[in-house]
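Student: Let's see this in three dimensions:
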Amino acid sequence: TSHDADADADHHHHHLLRSQMTFRKLSFEGGCRTCIVQIEIGIGHILLLSSTGKVYGMGSNNYCQLGFAFDPRHRYATHPQPRLIETFVRQQCTIADINCGKNHSVAVDTNGQLYCFGSNAYKQSSDCDDAMIASPTAYPFNGWCQIAKAQAA
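Tutor: Here you go, the predicted model:
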């Protein structure tokens, strides 16, 4: 089944990441110095939150859990260095909190708006029927609440 194939791919990718695990100094795009205040880790991806509210992603983007456009030709490509998640910059969002699930990610901006992206196999990222949410998408609470902390399971 496709679920078994995805599980095998996840296991394979997780094994690759573990076998390549080393400590190194990270390079940020443009050579800028960035103060990281929060690091969250999913099964094969990492989100980093800067002191200025910018979010960077690295690792696996198999399910768009980094918020980068999905390219089926490079399904198992990894991003070894932090890369800015441009969607938040374009939408002029300042992010206050981030979290990673297995193959999805969440972020909360300073206004309490929740953003979800990545796998949506169990509707963990959206109430739509799409299998993946390709870029950070505001979750529609229709103004009835504000989120203070992000948590993905």
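
Student: quick one: secondary structure of Met58?
Tutor: Secondary structure, DSSP: H, G, I helix; E, B strand; the rest coil: Met58 is strand.

Student: Look at it and say how many residues are nearby.
Tutor: 17 (other CB atoms under 10 Å). Any C-beta I mention is one placed from the backbone N, CA and C, and that applies to glycine too.

Student: That one: what's it in contact with?
Tutor: Leu26, His45, Ile46, Leu48, Leu66, Thr78, His79, Pro80, Gln81, Pro82, Arg83 (CB atoms under 8 Å, 6 or more residues apart in numbering).

Student: Which one of those residues is nearest to Ala138?
Tutor: Proximity of those to Ala138 was ranked by CB to CB; the top entry is Leu66 with 17.7 Å.

Student: And for the closest one, the neighbour number?
Tutor: So Leu66, with other CB under 10 Å, has 30 neighbours.

Student: any idea of the pLDDT on it?
Tutor: Note for Leu66: predicted pLDDT of 93.

Student: Tell me if I'm right that it and Gly57 touch.
Tutor: Yes. Contact status for Leu66 versus Gly57: in contact at 3.4 Å, counting by CB atoms under 8 Å.

Student: Now do the shared contacts for the two.
Tutor: By CB under 8 Å, 6+ apart, the residues touching both Leu66 and Gly57 are His45, Leu47, His79, Arg83, Ile85, Ser105.

Student: And those residues, which is the shakiest by pLDDT?
Tutor: Lowest pLDDT among the shared contacts of Leu66 and Gly57: His79, 87.

Student: Return the backbone torsion pair for that one.
Tutor: phi -110, psi 100 (degrees, to the nearest 10).

Student: Pretty sure it sits against Gly57.
Tutor: Yes. With contact defined as CB under 8 Å, His79 counts as touching Gly57 (6.7 Å).

Student: the more surrounded of the two?
Tutor: Shown here are His79 and Gly57; by other CB under 10 Å, Gly57 has more neighbours (24 against 16).

Student: For that one, which residues are in contact?
Tutor: Here Gly57 is in contact with 45-48, 65-68, 79, 82-83, 85, 105 (criterion: CB under 8 Å, 6+ apart).
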